[in-house]
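3D model of this:
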Amino acid sequence: MKRSGTADLPLHYGKVPPWLYERMSILGLSIVEVILMEYGKDEVLRRLADPFWFQSFGAVMGMDWHSSGITTSVMGALKRSINPNSQSLGLYICGGKGKFSRETPSELLQIADKTGLNGNDLVKASKLSAKVDNTAIQDGYQLYLHNFILSDNGNWSVVQQGMHESDGTARRYHWHSENIKSFVEEPHTGINGISRGTILNLTDAEASGNRKGILEISHTDSAEIMSDFSRLILPNHHDVQASDVDLKRLGALLYVTREQQPQNFEDLLMLEGVGPRTMQSLALVSEVIHGAPSRFKDPARFSFAHGGKDGHPFPVPTKVYDESLQILKSGIEKSKLGNSDKLKTLNKLHQIIESTEKDFNPVKEVIEEERQNSWRFGGKTVFGDAQKSSNPKPIQLSLF
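Purely as a prediction, here's the structure:
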């Protein structure tokens, strides 16, 4: 196994309001279902092990685009929606925040009994990844969240987060089992050691292999290792600034979804009747599903799908959110019955926008326009409903 990346985030407190948490659970499950149908279980694990994709995933759900709360909220919503469907999906999520993280070993052993996987080795992988990030890497972050995401073929990812003692930041760590086919066989890369069953005692003489593996990770700084290691560092400011997004990609998205009509694109006829604002959200959701890894370097851009619960870049447009959910869920149900046209259309929408970017100039004043129109779309934040502006300013979405 290996650590696949980290994300440094401003530490935020507070709770996700029920009206958003319910929608996050549904959208998270829907996105995972489409990825499973299109790309398989291993691709879901790979995405969750990518800190840039994970942050984009949380932003498209309506969470604050840069905060530490994305980790807890996204994993909580996924566990809530995926685990009741684990048998059909072939995915399981263990652990969580605080006391729930300590339940990971017992949860893994229960899953192992159902699936025939090696429970002791799964527990060892969980404990070792936590031990490395909490103890071997002395970076000042104390783990308070640990989630182990497992597929029924034995592959897995770990998402865990630590809080810094004094500087008001959190650090998220991502691990990935890569291409392990069996925990009985030696992994292709990573940490090896003598199995201690459900207990990992790093002070025991027989655990020298484990200690050696931890030291290799903590001291390694080679170009070969770092080339596969992703590090995301997000700023302290709450507002979404021009420097936080790829304006060319955002501009192409807005041009296609707002200024072009679906009838101009034969492949988008399945979405005819969908308003431009919902089309904008669906395009970003589709990119989270189908986009290449290089497209998630600016996670803030994905907050333009459903805003953020604290009002940045704008209040969460609940009416748009619900329409997006309805279209996505309808496409999934039809696909299960053999009609995948609607899901194929969402993929084509992403492809059209990506091709439009090549010769496109960005737009401006997008956030202000979203704020002024937020009340029309049922905009909400943790502070309440969005209100109609008493002195709206005329806004023209012109090109630079």
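
going by C-alpha atoms from here, please, whenever you check contacts or count neighbours.
Fine.

can you confirm residue 145 is in a strand?
Yes - looking at residue 145 with DSSP: H, G, I helix; E, B strand; the rest coil, it is inside a strand.

which pLDDT does the model give it?
Residue 145 is assigned a predicted lDDT (pLDDT) of 95.

you'd agree it is up against residue 170?
No - here residue 145 does not reach residue 170: they are 10.8 Å apart, not a contact under CA atoms under 8 Å.

overlap in contacts of the two?
Shared contacts of residue 145 and residue 170, defined by CA atoms under 8 Å, 6 or more residues apart in numbering, are found at 161, 162.

just the strands in the chain please.
Listed in chain order, the strands of the chain (DSSP state E) span 2-10, 91-97, 141-151, 156-164, 169-176, 230-233, 316-317, 379-381, 384-385.

ok, now which ones touch the residue lying closest to residue 283 once chain neighbours are set aside?
Closest residue to residue 283 apart from its sequence neighbours, by CA to CA, 6 or more residues apart in numbering: residue 350 at 5.8 Å. Contacts for residue 350 (CA under 8 Å, 6+ apart) come out as 283, 284, 286, 287, 290, 291.

repeat that for residue 379.
Per CA under 8 Å, 6+ apart, neighbours of residue 379: 315, 316, 317, 318, 319, 385, 386.

helix or strand with the lowest mean pLDDT in this protein?
Sorted by mean pLDDT, DSSP states H and E, the helices and strands of the chain end with helix 223-226, the least confident at a mean of 42.

what ranges of the stretch 201-350 of the chain fall below the confidence cut-off?
Across the stretch 201-350 of the chain, the ranges flagged by pLDDT under 70 are 201-229, 260-267, 269-270, 272.

give me the pLDDT for residue 196.
Reading off the confidence values, residue 196 has pLDDT 28.

ok, now the one 3 residues further on?
Confidence per residue is given as pLDDT, and for residue 199 that number is 36.

thinking again about what came up before, closest one of the contacts of residue 379 to residue 126?
Of all these, residue 126 sits closest to residue 316, with 35.3 Å by CA to CA.

would you confirm that that closest one contacts residue 308?
Yes - using CA under 8 Å, residue 316 is in contact with residue 308, at 5.5 Å.

quickly list what's touching both of those two.
Taking CA under 8 Å, 6+ apart as the criterion, residue 316 and residue 308 both touch 62, 381.

and the helices in the stretch 251-400 of the chain, which stretches?
Taking DSSP state H, counting those that start in this stretch as the criterion, the stretch 251-400 of the chain carries its helices at 276-290, 303-306, 318-336, 341-356, 366-373.

and the shortest one, C-alpha only, in PDB?
Spelled out, it's helix 303-306. Taking C-alpha atoms only, helix 303-306 is exported to PDB below (Å, rounded to 0.1, in the frame of the first residue of the first chain):
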ATOM      1  CA  SER A 303     -18.700  24.900  -6.100                       C
ATOM      2  CA  PHE A 304     -20.400  26.600  -9.100                       C
ATOM      3  CA  ALA A 305     -22.700  23.500  -9.300                       C
ATOM      4  CA  HIS A 306     -24.500  23.900  -6.000                       C
END
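
same for it, what does it pack against?
If you count contacts as 3 or more CA pairs under 8 Å, 6 or more residues apart in numbering; DSSP states H and E, helix 303-306 packs onto helix 51-60, helix 276-290, helix 318-336.

give me the distance between that helix and the centre of its chain.
Distance of helix 303-306 from its chain centroid, counting by CA atoms, centre = their mean, to the nearest Å, is 14 Å.

what comes into contact with it?
Identification of contacts with helix 303-306 by CA under 8 Å, 6+ apart yields 56, 59-65, 280-282, 284-285, 313, 315-318, 320-321.

out of the helices of the stretch 251-400 of the chain, which one sits most buried?
Across the helices of the stretch 251-400 of the chain, averaging neighbours per residue (mean count of other CA atoms under 10 Å) puts helix 303-306 on top, at a mean of 27.

contacting residues for the spatially most central residue of the chain?
Ranked by distance to the mean C-alpha position of the chain (CA atoms, centre = their mean), the top residue is residue 54 at 2.7 Å. Residues counted as contacts of residue 54 (CA under 8 Å, 6+ apart) are 47, 48.

distance check, it against residue 44.
11 Å (CA to CA, to the nearest Å).

repeat for residue 86
Taken as CA to CA, the span from residue 86 to residue 44 is 14 Å.

ok, these two, which is more surrounded?
residue 44 (22 against 15; other CA atoms under 10 Å).

picking that back up, got a markdown table for the contacts of residue 350, with distance to residue 334 too?
Converted to a markdown table, those look like this (distance: CA to CA, whole Å):
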| residue | distance to residue 334 |
| --- | --- |
| 283 | 19 |
| 284 | 21 |
| 286 | 17 |
| 287 | 20 |
| 290 | 19 |
| 291 | 23 |
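
let me know the closest of those residues to residue 116.
residue 290 (31.9 Å).

hang on, the closest one packs against residue 346?
No - if you go by CA under 8 Å, residue 290 and residue 346 don't touch, sitting 9.3 Å apart.

other residues contacting stretch 95-106?
72, 75-76, 94, 107, 123, 126, 144-148, 198.

for residue 355, see how far away the residue nearest to residue 356 when sequence neighbours are not counted is.
Closest residue to residue 356 apart from its sequence neighbours, by CA to CA, 6+ apart: residue 252 at 5.9 Å. For residue 252, the distance to residue 355 equals 9 Å [CA to CA].

show me how far the longest helix along the chain is from its chain's centre.
Ranked by residue count under DSSP state H, the longest helix found in the chain is helix 18-39. Chain-centre distance of helix 18-39: 10 Å, with CA atoms, centre = their mean.
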